[in-house]
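In: Model the structure of this input:
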Amino acid sequence: MGKSLPFKGIYIFLAITGAVLIIAWLPDIISALVAGRSLALIEIYTTEITYVLDMGIIGPAALICLIKLTKRNGLGYILLSLLLTLCIAIGVMVPIQTIFQYRAGIETLLSVLITKVGSFSVLSAFALFFIIKLYKNIDGYSK
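Out: Residues are numbered from 1 along each chain as shown. Now for the predicted structure:
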């Protein structure tokens, strides 16, 4: 397993995903802490659980997966499959969620749509590409 996987692309994907998920939410949290107020987008676009999941679970899991894959550890392949599947699901759900929010009268800035919806859609497309490569690379899977 792993001989024909595009490891360089997967490493870049995992590094960017892990780092961005941790770094992306920091300005919101830090500015709210400094100002001594709650987060600006609470109950409108996102909630604190998103911060916890992205910064505390998914981001670190992507970085752990990267480390495990560089050592060709089996846990890395399992984590990769889970993370790619999750990323694909989020890439499908976020645009649908945005449509429902819009229909409910919740206005979202164009900049938020581009950065949040657009970035998740692009990540989802890459995840779909990598998961197809991963599953085709499993011995006996495509036979």
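In: from here on, contacts and neighbour counts on C-alpha atoms
Out: Fine.
In: what sits against residue 30?
Out: The contact partners of residue 30, taken as C-alpha atoms under 8 Å, 6 or more residues apart in numbering, number zero.
In: And for residue 61?
Out: Counting by C-alpha under 8 Å, 6+ apart, residue 61 makes contact with 18, 79.
In: Which helix or strand lies directly C-terminal to the helix or strand hosting it?
Out: Take DSSP states H and E as the rule and residue 61 turns out to sit in helix 59-70. Proceeding C-terminally, helix 59-70 gives way to helix 74-103 as the next helix or strand, assigned by DSSP H and E.
In: Mind listing what's buried along that following helix?
Out: In terms of neighbour count (16 or more other C-alpha atoms under 10 Å), helix 74-103 has its buried residues at 76-77, 79-81, 83-85, 87-92, 94-95, 98.
In: picking up where we left off before, and the helix holding residue 61, C-alpha only, in PDB?
Out: What follows is helix 59-70, C-alpha atoms only, in PDB (Å, rounded to 0.1, in the frame of the first residue of the first chain):
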ATOM      1  CA  GLY A  59      -6.600  20.400  12.700                       C
ATOM      2  CA  PRO A  60      -4.400  18.400  15.100                       C
ATOM      3  CA  ALA A  61      -5.600  15.100  13.500                       C
ATOM      4  CA  ALA A  62      -4.500  16.300  10.100                       C
ATOM      5  CA  LEU A  63      -1.000  17.100  11.400                       C
ATOM      6  CA  ILE A  64      -0.800  13.800  13.300                       C
ATOM      7  CA  CYS A  65      -1.900  12.000  10.100                       C
ATOM      8  CA  LEU A  66       0.900  13.800   8.200                       C
ATOM      9  CA  ILE A  67       3.500  12.600  10.700                       C
ATOM     10  CA  LYS A  68       2.100   9.100  10.600                       C
ATOM     11  CA  LEU A  69       2.100   9.000   6.800                       C
ATOM     12  CA  THR A  70       5.700  10.200   6.500                       C
END
